[in-house]
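Peer 1: Predicted structure and sequence below. I'll ask about it afterward.
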Amino acid sequence: MPTDGRRGDGEDDAVAARPAGGSDDGRDAGAPLLDDLMPWSVRPLRTGRPWVVAPDADWLRARWERLAGAPAEERERLFGATRARTTRTAVPALPGQATGTGRFARETGPCPEPVRIAHGPFDEQWLLPDHRLIDAARPELWRVADEHQLFAVEHGYVPQETGPALSVTALLPDGHSPAGRPGRIRPLFRRPGGEEPNLAPGLLALLRARHGAAVTARSVLAWVLAAARPSPAGCVVPLPADTARWAAGVELGQELIRLQLRGARGGERPRLPGGRRPYVRAAVPPAPDTMEYDAGTETLGLGTGRIAPVPAGAWEFRVGGVRMLELWFGRRSAAGAEGAEGLAALRPGSWPRAWTSELLELITLLALLDGLRPRRAGLADGPSITADELRAAGVLPVPAPARRPASVLGHREEGPDGQFALL
């Protein structure tokens with residue numbers, strides 16, 4: 001069974017609902033859980049083999065070529081069979097992806113185009129979008145991933161952790177948790193095209209009656225992002241009864257969304273004020289194996305490379321007790337490759353210049369997010385809409401169909417070995 005107390009991978013993803021009513025640690029007593037406000041959720045992706053995800057798309061192309069060109073016996077070894085996937089497993093194509101559905105043992109074609117994904121909080125990597133290579137790809141997420149969709153990703157509960165309870169992304173998220181305690185992935189919309197908000201039936205109407213007709217699904221997501229608190233039972237979301245506090249929280253949440261989208265959907269990329277923007281002071285070497293921080297000079301060292309200024313808030317920014325900058329670097333450093341086997345060990349030996357640009361952007365993002373922390377104070381204070389009030393209004397309990405994926409297809413999807421399925 002999963003260590004976070006959620007359902008196992010063999011169980012129905014849609015039917016188990018937790019009781020509403022505040023966290024087990026006594027905070028925000030009476031507040032509803034995110035599980036009741038955004039009821040449809042999906043477990044994190046389970047790749048089954050580490051080599052299908054990488055921080056560089058060229059790594060994935062090289063791994064595919066090595067695998068597809070290997071003799072049968074070696075292909076079996078490199079593939080890394082699991083109970084869910086072998087080279088002879090028949091599976092349908094991922095929605096929206098033109099990848100093969102024949103047995104991988106017979107695959108000789110070119111590498112499918114890698115797709116950009118959110119690899120845990122605040123890291124963007126690449127994935128081979130081939131259903132034959134992924135143990136649990138969560139096709140229901142791929143069906144609703146479009147230019148209108150946003151995904152809220154819970155980070156899992158870690159005692160005494162003060163980092164954010166969840167993050168938001170426009171990319172398809174894998175739901176990876178730095179602390180190894182995965183939460184859930186919650187799409188904002190249940191259907192493509194921004195149709196049918198993933199909110200408890202009646203919630204929007206109740207909030208509009210309290211706070212005005214301007215309340216939308218996105219403003220609810222903004223409030224959640226600003227106000228959610230972690231608890232052993234899941235994310236607790238206090239809902240304010242007063243409009244002034246609601247407006248302040250939504251404004252903060254919209255800023256958090258804007259920053260975390262990193263320029264997606266026509267927005268601007270995060271930027272620190274002049275004089276506080278990080279720059280490369282000494283070039284990053286071809287294969288840095290250490291990352292160090294000097295708080296006195298606000299300098300981040302990558303081997304002999306130097307980046308400054310790096311605010312202490314960016315360096316100390318943690319999720320699940322893990323420093324985000326150290327985690328990001330570890331996935332890309334020469335030291336991080338130690339112990340890798342098979343296709344996972346197939347990676348270039350030099351540090352691409354693009355990674356330095358990505359690191360500068362991540363430093364900027366974390367610094368700006370850290371600077372917004374004080375504005376969260378007080379959002380949970382004052383009169384609130386309790387879970388009991390939501391029950392009295394008929395919003396809770398959430399009906400079972402709202403926890404299941406919607407039927408979204410008006411066209412066929414390719415099934416195993418070129419057959420077709422209509423959903």
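Peer 2: That came through fine.
Peer 1: and the closest residue in space to residue 240 that isn't next to it in sequence, helix, strand or coil?
Peer 2: Leaving aside its chain neighbours, residue 240 sits nearest to residue 246 (4.8 Å; criterion: Cβ to Cβ, 6 or more residues apart in numbering). Every C-beta, even on glycine, is put in place using the N, C-alpha and C of the backbone. Under the three-state scheme (DSSP: H, G, I helix; E, B strand; the rest coil), residue 246 adopts helix.
Peer 1: What's the separation between residue 246 and residue 107?
Peer 2: Residue 246 is 53 Å from residue 107, where distance means Cβ to Cβ, to the nearest Å.
Peer 1: who has more neighbours, those two?
Peer 2: residue 246 (22 against 17; other Cβ atoms under 10 Å).
Peer 1: mind listing the helices in the stretch 151-300 of the chain by residue range?
Peer 2: 203-211, 217-227, 243-261 (DSSP state H, counting those that start in this stretch).
Peer 1: where does the stretch 51-200 of the chain dip in pLDDT?
Peer 2: For the stretch 51-200 of the chain, no stretch is flagged by pLDDT under 70.
Peer 1: rerun that using 90 as the cut-off
Peer 2: 98-101, 156-162, 177-183 (pLDDT under 90).
Peer 1: Kindly report the same for the stretch 301-423 of the chain.
Peer 2: 334-341, 347-350, 377-378, 380, 407-423.
Peer 1: Strands along that one, start to end?
Peer 2: 305-308, 318-319, 322-323, 384-385, 412-414, 420-422 (DSSP state E, counting those that start in this stretch).
Peer 1: Show me what the fourth one pairs with in its sheet, parallel or antiparallel.
Peer 2: Under the criterion DSSP bridges, strand 384-385 sits next to strand 239-240 (antiparallel) in its sheet.
Peer 1: Now the strand it pairs with: average pLDDT?
Peer 2: Strand 239-240 shows a mean pLDDT of 97.
Peer 1: How about residues contacting that strand?
Peer 2: 31, 32, 207, 223, 246, 249, 379, 382, 383, 384, 385 (Cβ atoms under 8 Å, 6 or more residues apart in numbering).
Peer 1: swap in stretch 281-290?
Peer 2: Outside stretch 281-290, the residues touching it (Cβ under 8 Å, 6+ apart) are 299, 301-308, 329, 333-335, 349-351, 355-356.
Peer 1: make it 7 Å
Peer 2: 302-308, 333-335, 349-351, 356 (Cβ atoms under 7 Å, 6 or more residues apart in numbering).
Peer 1: which of those sit farthest apart?
Peer 2: 308 and 349 (26.5 Å; Cβ to Cβ).
Peer 1: the more surrounded of these two?
Peer 2: residue 308 (16 against 8).
Peer 1: Once you drop chain neighbours, what's closest to the more buried one?
Peer 2: residue 299 (4.3 Å).
Peer 1: show me what contacts residue 115?
Peer 2: Residue 115 touches 126, 127, 129, counting by Cβ under 7 Å, 6+ apart.
Peer 1: isn't the first one right up against residue 111?
Peer 2: No: with contact defined as Cβ atoms under 7 Å, residue 126 does not reach residue 111; the gap is 11.3 Å.
Peer 1: who has more neighbours, those two?
Peer 2: Neighbour tally, residue 126 and residue 111, criterion other Cβ under 10 Å: the higher count belongs to residue 126, 21 against 17.
Peer 1: Can you mark which positions in stretch 126-146 are buried?
Peer 2: Within stretch 126-146, the residues scored as buried using 16 or more other Cβ atoms under 10 Å are 126-135, 137-145.
Peer 1: next one: stretch 231-242
Peer 2: Buried-residue list, stretch 231-242, by 16+ other Cβ under 10 Å: 231, 233, 234, 235, 236, 237, 238, 239, 240.
Peer 1: With stretch 77-86 instead?
Peer 2: Buried-residue list, stretch 77-86, by 16+ other Cβ under 10 Å: 78, 79, 80, 85.
Peer 1: and which of those is nearest to residue 319?
Peer 2: Once Cβ to Cβ is applied, the member of those that ends up nearest residue 319 is residue 80, at 28.1 Å.
Peer 1: Tell me who's in contact with the closest one.
Peer 2: 49, 342.
Peer 1: Next one: it from residue 188, what distance?
Peer 2: Applying Cβ to Cβ to residue 80 and residue 188 gives a distance of 34 Å.
Peer 1: same question, residue 141
Peer 2: Taking Cβ to Cβ, one finds residue 141 at 12 Å from residue 188.
Peer 1: Just put the helices of the stretch 151-300 of the chain in JSON lines and tack on distance to residue 318 and mean pLDDT.
Peer 2: Shown next, in JSON lines, are those (distance: least, Cβ to Cβ, whole Å; pLDDT from 0 to 100):
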{"stretch": "helix 203-211", "distance to residue 318": "31", "mean pLDDT": "98"}
{"stretch": "helix 217-227", "distance to residue 318": "17", "mean pLDDT": "98"}
{"stretch": "helix 243-261", "distance to residue 318": "16", "mean pLDDT": "98"}
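Peer 1: With that, I have no additional questions.
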